[in-house]
Structure formats: structure tokens, C-alpha cells
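J.: Okay, here's the prediction I keep looking at, along with the sequence it came from:
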Amino acid sequence: MGVNKNVKKVVIPAAIKVDNKTYKVATITKDALKGNKKVTKVTIGANVNKIGSNAFNGCSNLKKIVIKSKKLKIKNVGKNVFKGINKKATVKVPTGKVKLYKKIIRARGASKKVKVKK
């Protein structure tokens, strides 16, 4: 599914309903929001276990990311996913995942000034 380029807040749901069938949202595709200067907040649903390369690369106004998923692993998060997000961004992660997610976020391009908290 595409994203409206003028939206400031993006919510990637845990599941979507299409034709009375419910589908879990497990992947954020590569280049999903790449270069989107308008987006300021992204919420990632609980079923997401994979984020493609450059998904949020260049989103310079992205200041808040909420990750509800506990399923992310470093090998399932593509290169440069968080490169170019706002240097003062805050990433809220599930309790018990702060250390791992901080490692993933830094390894995938976020500035050292980006805060990762529960």
C-alpha cells in the first residue's frame, strides 16, 4: 500500500482488512518513505518483523518513531533505514528491547544523538 506524500504522521498498522479478510502487516518495503520531508512521526505496528533498505532514509523532519513490534532483528532491518532522520529524533521501543533496538537503530544509520527509550 502506498503512502500519501503530504501526510505528517504515518501509522503502519499491525493488521489491515481487505474484502473482509484480515492480513498481518509484517514488512515495511524498501524506500517506503525515502526522502519524505513532510513526515514527522511514524508508528510501526506490533506485527512488523522486517524493514527494507532506506525505508526512512532522508526523512529529515522525522522526529518521533514509535516501534510497537518486539519481532525486529538486526538481520531483518535493511541498510540505511534510519539514515538522515532528524538528529534530535526520539525512538520509543517496547520494554525489554531498548538495548537491542538501540544497536539496530545505530547500525542502520541513525545519529548518536537520536534517543532510544522505552
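T.: Perfect, I can see it now. Numbers count the residues shown, from 1 in each chain.
J.: Going along the chain, name the strands of this protein.
T.: 9-12, 15-18, 21-24, 27-28, 41-44, 50-51, 64-67, 90-92, 115-117 (DSSP state E).
J.: just for this structure, where's the confidence low?
T.: 1-3 (pLDDT under 70).
J.: wait, doesn't K9 sit right on K38?
T.: No - using Cβ atoms under 8 Å as the test, K9 is too far from K38 to be in contact (9.9 Å). Every residue, glycine included, has its C-beta placed from N, CA and C.
J.: ok, the two, which is more surrounded?
T.: Neighbours of K9 and K38, each counted by other Cβ atoms under 10 Å, are more numerous for K38; the result is 15 against 11.
J.: show me the contacts for the most centrally placed residue in the chain.
T.: Centroid-nearest residue in the chain, with Cα atoms, centre = their mean: I44, separated by 5.6 Å. Listed by Cβ atoms under 8 Å, 6 or more residues apart in numbering, the contact partners of I44 are 12, 28, 51, 65-69.
J.: Lovely, talk soon.
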